[in-house]
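K.L.:
next input, structure requested:
(2 chains)
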Amino acid sequence: NAGVTQTPKFRVLKTGQSMTLLCAQDMNHEYMYWYRQDPGMGLRLIHYSVGEGTTAKGEVPDGYNVSRLKKQNFLLGLESAAPSQTSVYFCASSYPSGRVGETQYFGPGTRLLVL
Amino acid sequence: ILNVEQSPQSLHVQEGDSTNFTCSFPSSNFYALHWYRWETAKSPEALFVMTLNGDEKKKGRISATLNTKEGYSYLYIKGSQPEDSATYLCATHSGAGSYQLTFGKGTKLSVIP
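P.N.:
Take a look at the predicted model:
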């Protein structure tokens, strides 16, 4: 049981390049999330998904797109990378069991540097 | 977007000292409060989920209390150890029934041996 995994761990991009970050979970979780972590800021939600084929915007969605074609995978895309997107990206997942306050389980993070 | 505040931003304590820090959040439309522990170069790990006013949770030397009426939670660490060094995050839900979490900026704890 690997939990939540993220690929790649680290990437350097030039301004204008595109890339896709992959998040995979093997816990059969319905909900998945993408966050970014910047110095002096809390984790900020970019996009999330409440199930296969569905996505929704979070707090800071501009410049990103997402897709959830399979339940276990959640992809985050940058179509035209900008230096402002230099950050550490975390994926998380949770299972809506109906209990109040579902815990989110986090991946190890992807460090992205945009030059 | 909720305003979740954590204080202090960072602190250094000697091994063996006890310490505590605060998470403040809007008391209206409260749903649940989460505490996470985040070690450098690792993923945030869940410590507690608290939902009821007056809740107290404990895990080993770490405990937390919740006051939903006034909108704050305290995290306590008794007899700090070097392995407690981490950033402690709190987060609350963006409304009743929402699975979205709004995180505070964290309190970075350094325990000096």
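K.L.:
and whatever residue of chain B ends up closest to chain A, how many neighbours?
P.N.:
Closest residue of chain B to chain A, CB to the nearest CB: B:Ala32 (3.1 Å). Heads up, the C-betas are built off the backbone N, CA and C, glycines and all. Using other CB atoms under 10 Å in any protein chain shown, B:Ala32 has 22 neighbouring residues.
K.L.:
excluding its backbone neighbours, what's nearest it?
P.N.:
A:Gly101 (3.1 Å; CB to CB, 6 or more residues apart in numbering or on different chains).
K.L.:
the lowest-mean-pLDDT helix or strand in chain B pairs with which strands?
P.N.:
None of the helices or strands of chain B scores lower by mean pLDDT, DSSP states H and E than strand B:101-103, at a mean of 91. Strand pairing for strand B:101-103, using DSSP bridges, gives strand B:86-93 (antiparallel).
K.L.:
residues in contact with the strand it pairs with: which ones?
P.N.:
Strand B:86-93 has contacts (CB atoms under 8 Å, 6 or more residues apart in numbering or on different chains) with A:42-43, A:101, B:2, B:4, B:6, B:21, B:23, B:25-26, B:30-40, B:44, B:47, B:73, B:75, B:99-104, B:106-109.
K.L.:
show me what from chain A comes close to chain B.
P.N.:
Residues of chain A lying near chain B by CB under 8 Å from any CB of the partner chain: A:4, A:31, A:33, A:35, A:40-45, A:48, A:50, A:58-59, A:90, A:94, A:96, A:100-109.
K.L.:
hmm, which of the contacts of strand B:86-93 are the buried ones?
P.N.:
A:42-43, A:101, B:2, B:4, B:6, B:21, B:23, B:25, B:30-38, B:44, B:47, B:73, B:75, B:99-104, B:106-109 (16 or more other CB atoms under 10 Å in any protein chain shown).
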